[in-house]
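Q: Test case, fold it:
(one chain, ligands or ions: 2)
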Amino acid sequence: MYQFNQDQTVNILQKHRPRLALTIGDPAGIGLEVILKALADSEVSRNYDLTVLGNRNLLLETHKQLSSTENLASLANPALLKLIDVPVNREITDQIILGTGNAASGAASFAYMEYAIAQTLAGAFDGIVTAPIAKSAWKSAGYNYPGQTELLAEKSGVERFGMLFVGRSPYTGWTLRTLLATTHIPLRQVADTLTPELLARKLDLLVECLDKDFGITSGRIAIAGLNPHSGEQGQLGTEELDWLIPWLEAERQKRPNFQLDGPIPPDTMWVKPSQAWYGNAVVKNPADAYLALYHDQGLIPVKLMAFDRAVNTSIGLPFVRTSPDHGTAFDIAGKGIADATSMKEAIVLAAELVNQRLGVKQ
Ligand SMILES: NC(=O)C1=CN([C@@H]2O[C@H](COP(=O)(O)OP(=O)(O)OC[C@H]3O[C@@H](n4cnc5c(N)ncnc54)[C@H](O)[C@@H]3O)[C@@H](O)[C@H]2O)C=CC1
Ligand SMILES: NCC(=O)COP(=O)(O)O
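A: Ligands and ions are numbered 1, 2, ... in the order given. The predicted structure is shown next:
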């Protein structure tokens, strides 16, 4: 039997074009616009095998509509795109109103996601890049999920998963990685939801992901406190003294490869990463990753630094999933002014993660 030598194998792997499904998200939002804009970039469309999952008529209508706005930007030619028309009842698509998320737009975006997940689990794609959906529209359509992440995890049969935001600084090239310990829950529930077991699971996932997806096997992880000034020795909240500090101490014994800093006062935790991001001060040792304890603790700084380019990455799934960090932006849908950088970054990162997992030299 013919045997490939190592160089030939590397060659074949190098030619692998990551096969990515791009779901169009909530069709009343800016999903189709940012996809058409991102795919107009030949670097993106040439290097990856991209298939849009959604609705052909909506794609053509969006292209026509955007071509007639004053804010004309380069758009991909819909005729040249690979597209799968996901079956959605015509009565539903007829009720989609650009700029207004409703039960119909929720039902449609849910159908695109379900289709993408099933096809990816069946091996048709290496990963999924999802345009934004509105959780409220899913709820109106009868689907009660906090977000796409939980649907992806449920359909993939995984219980350990996480929401990691990755942004590459256009100023310094430094990469900000922020994992959220809790995600879409009311603020009132955060303190009761956080436990040493939950944080240990998230830290495990983060360490695995740094290795598998970014080739980082040692370094520094910064972990936020919960209360102002990390509790100020119990005066401003006791979670740090009660369990966060002892938990971190135990983790340090278990993970000699990583310096675990924390609990860092949540307001000052973001000073060094912002300096590393903007390059306006010398930062000796910015962390390889940041663990924020709740949604806004992590996402306010991420969006201040990187709203135009951060990527939401689901970790712990059996395949790659990325998404832009922004939402459906119903207020600007159809106006032609949506910035597609984050969508482009989501596609590029998904492809890099696929290649990294396949062991392809990048
Ligand atoms: N990955 C996802 O599926 C996400 C979905 N969402 C959903 O999106 C919906 C709206 O959420 P919001 O909090 O209003 O956030 P949003 O990100 O949709 O909008 C916030 C503001 O940023 C602007 N904006 C957003 N993306 C932009 C872009 N690419 N270019 C230019 N301007 C942009 C909007 O016009 C708006 O003024 C919610 O239902 C939320 O659940 C929110 C975040 C992520
Ligand atoms: N704030 C992030 C967000 O809403 C993304 O949610 P998901 O739909 O990716 O789970």
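Q: Next, count neighbours for residue 215.
A: Residues lying near residue 215 (other C-beta atoms under 10 Å) number 9. In this view, the C-beta of every residue, glycine as well, is placed from N, C-alpha and C.
Q: Please list all residues in contact with the nearest residue to it once chain neighbours are set aside.
A: Excluding the flanking residues, the one nearest residue 215 by C-beta to C-beta, 6 or more residues apart in numbering is residue 356, at 6.9 Å. Counting by C-beta atoms under 8 Å, 6 or more residues apart in numbering, residue 356 makes contact with 212, 213, 214, 215, 362.
Q: Now narrow those to whatever sits close to ligand 1.
A: With C-beta under 6 Å from any ligand atom as the criterion, these include none near ligand 1.
Q: And the residues you listed, which of them are buried?
A: 213, 214 (16 or more other C-beta atoms under 10 Å).
Q: In JSON lines, list the contacts of residue 356 along with secondary structure.
A: Below are the contacts of residue 356 laid out as JSON lines (DSSP: H, G, I helix; E, B strand; the rest coil):
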{"residue": "212", "secondary structure": "helix"}
{"residue": "213", "secondary structure": "helix"}
{"residue": "214", "secondary structure": "helix"}
{"residue": "215", "secondary structure": "coil"}
{"residue": "362", "secondary structure": "coil"}
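Q: Distance from the chain centre to the helix or strand where the residue nearest to residue 215 lies, please.
A: Using DSSP states H and E, residue 356 falls within helix 341-358. Distance of helix 341-358 from its chain centroid, counting by C-alpha atoms, centre = their mean, to the nearest Å, is 10 Å.
Q: do the same with stretch 281-297
A: Counting by C-alpha atoms, centre = their mean, stretch 281-297 comes out at 17 Å from the chain centroid.
Q: cool, stretch 214-226 as well?
A: Mean C-alpha position of stretch 214-226 versus that of the full chain (C-alpha atoms, centre = their mean) differs by 18 Å.
Q: Can you list the residue ranges for strands in the stretch 201-350 of the chain?
A: For the stretch 201-350 of the chain, the strands defined by DSSP state E, counting those that start in this stretch occupy 219-224, 258-264, 289-292, 311-315, 320-324.
Q: looking at these, which is closest to residue 61?
A: strand 320-324 (21.5 Å; C-beta to C-beta).
Q: Output that closest one in PDB with nothing but the alpha carbons.
A: Taking C-alpha atoms only, strand 320-324 is exported to PDB below (Å, rounded to 0.1, in the frame of the first residue of the first chain):
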ATOM      1  CA  VAL A 320     -15.600  24.900  16.300                       C
ATOM      2  CA  ARG A 321     -18.200  27.700  16.800                       C
ATOM      3  CA  THR A 322     -17.600  31.400  16.600                       C
ATOM      4  CA  SER A 323     -19.800  34.500  16.300                       C
ATOM      5  CA  PRO A 324     -19.300  38.200  16.200                       C
END
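Q: Could you measure from whichever residue of the chain sits closest to ligand 1 over to residue 179?
A: Per C-beta to the nearest ligand atom, the residue of the chain with the smallest distance to ligand 1 is residue 327, at 2.3 Å. Here the criterion is C-beta to C-beta, to the nearest Å. By it, residue 327 lies 20 Å from residue 179.
Q: Comparing these two, which shows the higher neighbour count?
A: Legend: neighbour count by other C-beta under 10 Å for residue 327 and residue 179, higher for residue 179 (24 against 15).
Q: I'd say that one and residue 166 touch.
A: No. Shown here, residue 179 and residue 166 do not form a contact pair, counting by C-beta atoms under 8 Å, at 9.9 Å.
Q: domain parsing for this protein?
A: Using automatic domain parsing, the domain ranges for the chain come out as 1-158+319-362, 161-316.
Q: Mind listing what's buried along the host helix or strand of residue 53?
A: Following DSSP H and E, one finds residue 53 within strand 49-54. The neighbour-count criterion (16+ other C-beta under 10 Å) identifies 50, 51, 52, 53, 54 as the buried residues of strand 49-54.
Q: What distance do you get for the most centrally placed residue in the chain to residue 47?
A: In the chain, the residue lying closest to the centroid (C-alpha atoms, centre = their mean) is residue 312, at 1.5 Å. According to C-beta to C-beta, residue 312 and residue 47 sit 22 Å apart.
Q: ditto for residue 87
A: For residue 87, the distance to residue 47 - C-beta to C-beta - is 30 Å.
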